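A.B. asks: have a look; sequence and predicted model below, questions after that.
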Amino acid sequence: MYRRLLRLYPCDFRDEYGEEMSLLFRDRASDGAVRLWLQVLGDLLFHAPREHWIVLKQDLRYAVRMLRRAPTFAATIVATLALGIGANAVIFGAVDAVLRDPLVSDPDTLVDVYTTSGNNLYSRSSYPDYFDLRDSGTFASLAAYTEISITMEANGQPEPLAGQLVSGNYFAVLGITIPIGRGLTPDDDRPGSPVRVAVISHALWQRVFNADESTIGAMVRLNSHAYTLIGVAPPGFSGPIPGVAADVWVPTALQPELSPPAASVRRARGHSRIFDLRTSRGLRMVGRLPRGASLEHVAARAEVVSRRLETAYPDTNDHRRFVLAPLGEGRGLRVETRPVLGLLAVAVLMVLLVACVNVANLLLARAVSREREIAVRIAIGASRARLVRQWLTESVLLGILGSFAALLVTRFTAPLLHAFVIPDAVDLSVNARPRLRPGGRRRERGALRVSSRVPRTPADCERRASR
Amino acid sequence: MQIYLTADIILAVMPKPLLPERPMAPAVFQILIALADQPLHGYGIMLDIAERSGGKVKLSPGTLYGSIKQMLEDGLIEEVAGRHTPHDDDRRRYYRLTRDGREAARHEMARMSALLNHARLTSLRSNEG
């Protein structure tokens, strides 16, 4: 049994001293079995890794010396690996960025809701249709949002940002916990309310406001209007759909000043509000399925609501149906880029395979040229296992160097993907950290911390606005 | 090229000289003391150290043979061929001090002695607080 445990030591050490250590163990048999085994196991656990580490240091020193004496060979292998690994890292990073679940809670129960328009299954919806569907009880909860352009004046400079008008329950429907400040609430989204509040993205908060928590509750100018910053979204969150990113979220109640309709509509109606305009369809909708309900079941209920609206409003809702799709699967970046990314993924895998074959050939050629070195080492006592370990260390070292060089490759190839395939809004940076399952089940430490300066209710905002 | 390569290999496996400024590991010093008067095998070294320390110091096999391996590489000890007692196992390997090992042990003795002399000049020499 002890002889088997000695296999934990490096083979050279075991070959040299294994016999003596076995004799020593036999000599100490009179010490008491339990005590002896406890001591032996502790000894093995401490010293065996230490011996391996000593051997590894020797191998690394030797490997570095050998590679320095063949710089062209080393550079060729490192460059080959860098290209193969780098290309794969970028493409599979893009695949991950596009296909990974957004930072929402329980994404399997979230669905995109569209309104059909002629042959277009995935068209947008109007405010009245959203209100009707929301109030029908078809979904556990239903949020609406639409993209807008926002100009923020920060530090005296106007900065164009991607913004979204969102319903008051947007963050609640998505299950997003606002780690700093608070998110929007339905009270913030009352049409006609003078409350002007905004939630910003974590990236914007870091970039423009230097991650200063005193920013919460501060006033910023958005499209020439004063808004109160009430919260910062979690890091990495920019919306439920890849490629449709936002830095600022404001309530839909502010649509008249942030997203007014066409001038002709304003003249005809005498105002900019479109909450009652069924023909103005610019909203995206995302809904949470009721607990235990399947998508098909909820889609059937939504169909009933569609028909009811068609009957009630034949001029605007004729042949309009609500269409449900799993989050991100109806229309958008994920569906549009999947074929291209699939092809690219296969292509770069081939590139990596070719790179590996090339590297293997180079290493084989080098091994042939090192026959004399091997013969000399065997002559002075090196075992075959020791030589194999040495070559393995050299190969791993080359692999590690190739991986680091691949980071440089990704730096230059990611912009190419942005130029041709992937919108800039999608983050393609290589992240080596293991990623936990995303979603609201993760609770950031201190996520419920609320600044004392944050207006907690619309009444607080009104008081602040009237100062 | 061949000479350079061979020399390179030998340099990679040659023992490194013990730096005199570096305190000696306690296990190494204990082994040098054990081998000071006579060659011993591994178990004999272990018994000698245990007896000398009154049972307080017991080297584990990993510590013992890890130290022996390093001391062989550093040239502090060497293996003795063919040293056996009549009742001994043929597989036992005996070790003895080399001249470098004896000198290293003396150097460590002098270092510890100087340290002890420094300590005796301080208030630590008495039992007073």
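C.D. replies: Yep, it's here.

A.B. asks: show me which residues of chain A sit near chain B.
C.D. replies: For chain A, the residues in contact with chain B (C-beta under 8 Å from any C-beta of the partner chain) are A:13, A:16-17, A:19-21, A:23-25, A:27-28, A:39-40, A:42-44, A:46-48, A:50-51, A:58, A:61-62, A:65, A:372-373, A:376-377, A:380. Where C-beta positions appear, they are placed from N, C-alpha and C, glycine not excepted.

A.B. asks: can we see that at 6 Å?
C.D. replies: Within chain A, the positions lying close to chain B (C-beta under 6 Å from any C-beta of the partner chain) are A:17, A:19, A:20, A:21, A:24, A:27, A:43, A:47, A:62, A:373, A:376, A:377.

A.B. asks: remind me which residues of chain A are low pLDDT?
C.D. replies: Chain A contains residues with pLDDT under 70 at A:31, A:101, A:194, A:333, A:421-467.

A.B. asks: centroid-nearest residue for it?
C.D. replies: The centroid of chain A falls nearest to residue A:97 when counting by C-alpha atoms, centre = their mean (5.8 Å).

A.B. asks: three-state assignment of that one?
C.D. replies: helix (DSSP: H, G, I helix; E, B strand; the rest coil).

A.B. asks: repeat that for residue B:69.
C.D. replies: Strictly by three-state DSSP, residue B:69 counts as helix.

A.B. asks: and it, how many neighbours?
C.D. replies: Neighbours of residue B:69 under the rule other C-beta atoms under 10 Å in any protein chain shown: 16.

A.B. asks: and the helix or strand residue B:48 falls within, which residues are buried?
C.D. replies: Using DSSP states H and E, residue B:48 sits in helix B:42-52. Neighbour counts over helix B:42-52 (16 or more other C-beta atoms under 10 Å in any protein chain shown) mark B:42, B:43, B:44, B:45, B:46, B:47, B:48, B:49, B:50 as buried.

A.B. asks: now the residue lying closest to residue A:278 once chain neighbours are set aside: phi and psi?
C.D. replies: Counting by C-beta to C-beta, 6 or more residues apart in numbering or on different chains, the nearest residue to residue A:278 once its immediate chain neighbours are dropped is residue A:316, at 3.9 Å. Dihedral pair for residue A:316: phi -110, psi -30, per degrees, to the nearest 10.

A.B. asks: give me the number of residues near residue A:316?
C.D. replies: Neighbour count for residue A:316, taken as other C-beta under 10 Å: 17.

A.B. asks: now swap in residue B:37 and tell me
C.D. replies: 9.

A.B. asks: go on, residue A:170?
C.D. replies: Residue A:170 has 27 nearby residues by other C-beta under 10 Å.

A.B. asks: who's in contact with it?
C.D. replies: By C-beta atoms under 6 Å, 6 or more residues apart in numbering or on different chains, the contact list for residue A:170 reads A:143, A:145.

A.B. asks: quick check: closest non-adjacent residue to residue B:108.
C.D. replies: Once flanking residues are discounted, residue B:108 sits nearest to residue B:24: 4.5 Å by C-beta to C-beta, 6+ apart.

A.B. asks: still on that earlier bit, among the residues of chain A next to chain B, name the ones in strands.
C.D. replies: Using DSSP state E, no member of those falls in strands.

A.B. asks: any chance of a markdown table for those residues, columns neighbour count?
C.D. replies: A markdown table is the format used below for the residues of chain A next to chain B (neighbours: other C-beta atoms under 10 Å in any protein chain shown):
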| residue | neighbour count |
| --- | --- |
| A:17 | 23 |
| A:19 | 16 |
| A:20 | 20 |
| A:21 | 24 |
| A:24 | 23 |
| A:27 | 17 |
| A:43 | 19 |
| A:47 | 20 |
| A:62 | 18 |
| A:373 | 17 |
| A:376 | 17 |
| A:377 | 21 |
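
A.B. asks: of all these, which two lie farthest apart?
C.D. replies: With C-beta to C-beta as the measure, no two of the residues of chain A next to chain B lie farther apart than A:27 and A:373, at 41.1 Å.
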